[in-house]
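Enquirer: What would the 3D arrangement of this be:
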Amino acid sequence: MGSTLARQLLAEWPGVELTGFDHLGREGSELNRDVLRQLGVRLIHGDLRCASDLADWPAVDWVIDAAANPSVLAGLTGEGGSRQLVEHNLLGTVNVLEYCRSQRAGFVLLSTSRVYSLPPLATLPLKKVGLAYDLDTAQPLPTGVSAEGVAEDFSTAPPVSLYGVTKLASEQLALEYGATFGFPVWINRCGVLAGAGQFGRADQGIFAYWINAWLRQRPLKYIGFDGTGAQARDCLHPADLVPLLRRQLTEPARDVARIQNVAGGRAQVMSLAKLSAWCADRFGVREVTSDPVPRPFDVAWLALDARLAAQQWGWQPRTSLLTILEEIAAHAEANPRWLELSGVR
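Expert: Numbers count the residues shown, from 1 in each chain. As a prediction, this is how the structure comes out:
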């Protein structure tokens, strides 16, 4: 996401100067380095969890925080996995906020739809329409849910997953730091992000992973929800955030809500079964197996209501879902080893 935003900001904002920071711990992330340097981005190698690694940061006007382990399953397995998740997603935020305090730099947190409470998400009234679950708007809906999806006033009460709670805690810390030390803070809760060049895995970047795996004849499986692949999420191209970010960075004192959903919304929802049908038309038919046993923290349907961002900033997605899928497919065809490069074996 960070590299996509950097390229798009440079393309749409003449004169902007960017510095990138990454510990390059994820396989494949080093592939972005040469491209960004050629575009004039200064790159610093370091670990956000280590405060001293931020000592080489130059003075800047804003920090856009796109750093996190973004898997809802992160921290569940492996010795120390939960502690590492908290260090990456929360301690790293604290270190960035301390930098912003010292420099009076503005802060934009790219948060997530997974800050919303799991129990009420799991009990949303749904109906199955063809190959996908959809919200049953004929039934009573809980506070924060409408025909447009899940809004900012939906419950964020635990449980939300370890990943979700680290992002929720980061949101609250950011707002407190901004209010206490007098620097602007914006929080954008993103839905599922997807586009060419994404390092997709089964637990994150599912659209990119599914298309690449389909093309390469990798095993694919519908997990949970009767094993039919009807679970559905909305989708957004990260480059579509740039018009919003430009306004937020140039209007830091705008008197609007500091937290808003930024997502594709109900118009950009697709289920895994529908994605399979699209892949079959694009690449040819293949088998997908099923396992009806659900995974922790999975939800049958989730689309964010982004009307607040539209009202406050005039923002809306620019890239259609089908355009995103075709972009990923073309990239997959041009990069046959993409899954291996990103560490998916």
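
Enquirer: Check the gap between Val41 and Thr323 for me.
Expert: 26 Å (C-beta to C-beta, to the nearest Å). Just so you know, the C-beta spots here come from the backbone N, C-alpha and C atoms, and that holds for glycine as well.

Enquirer: Looking at those two, which is more packed in?
Expert: With neighbours defined as other C-beta atoms under 10 Å, Val41 and Thr323 compare such that Val41 has more, 19 against 12.

Enquirer: For the helix or strand bottoming out on mean pLDDT in the chain, give me every contacting residue.
Expert: Every helix and strand in the chain was compared by mean pLDDT, DSSP states H and E; the lowest is helix 81-86, with a mean of 90. Helix 81-86 is contacted from outside by Asn69, Ala74, Gly75, Leu76, Leu162, Tyr163, Thr166, using C-beta atoms under 8 Å, 6 or more residues apart in numbering.

Enquirer: ditto for stretch 248-265
Expert: 61-62, 106, 108, 111, 113, 148-152, 171, 175, 178, 184-192, 234-236, 241, 244, 247, 303-306, 308-309, 312-313, 315, 317, 321.

Enquirer: Only the buried members of these: can you turn that into a PyMOL selection?
Expert: To isolate in PyMOL the members of the contacts of stretch 248-265 that are buried, counting by 16 or more other C-beta atoms under 10 Å, one can use:
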select buried, resi 62+106+108+111+113+148+149+150+151+152+171+175+178+184+185+186+187+188+189+190+191+192+234+235+236+241+244+303+304+305+306+308+309+312+313+315+317+321
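
Enquirer: Cross the contacts of stretch 248-265 against helices and list the overlap.
Expert: For these, the ones inside helices are Glu171, Leu175, Gly178, Leu244, Arg247, Leu308, Ala309, Gln312, Trp313, Leu321, with DSSP state H as the criterion.

Enquirer: farthest-separated two in those residues?
Expert: Spatial extent of the ones in helices among the contacts of stretch 248-265 (C-beta to C-beta) is set by the pair Gly178 and Leu321 at 34.0 Å.
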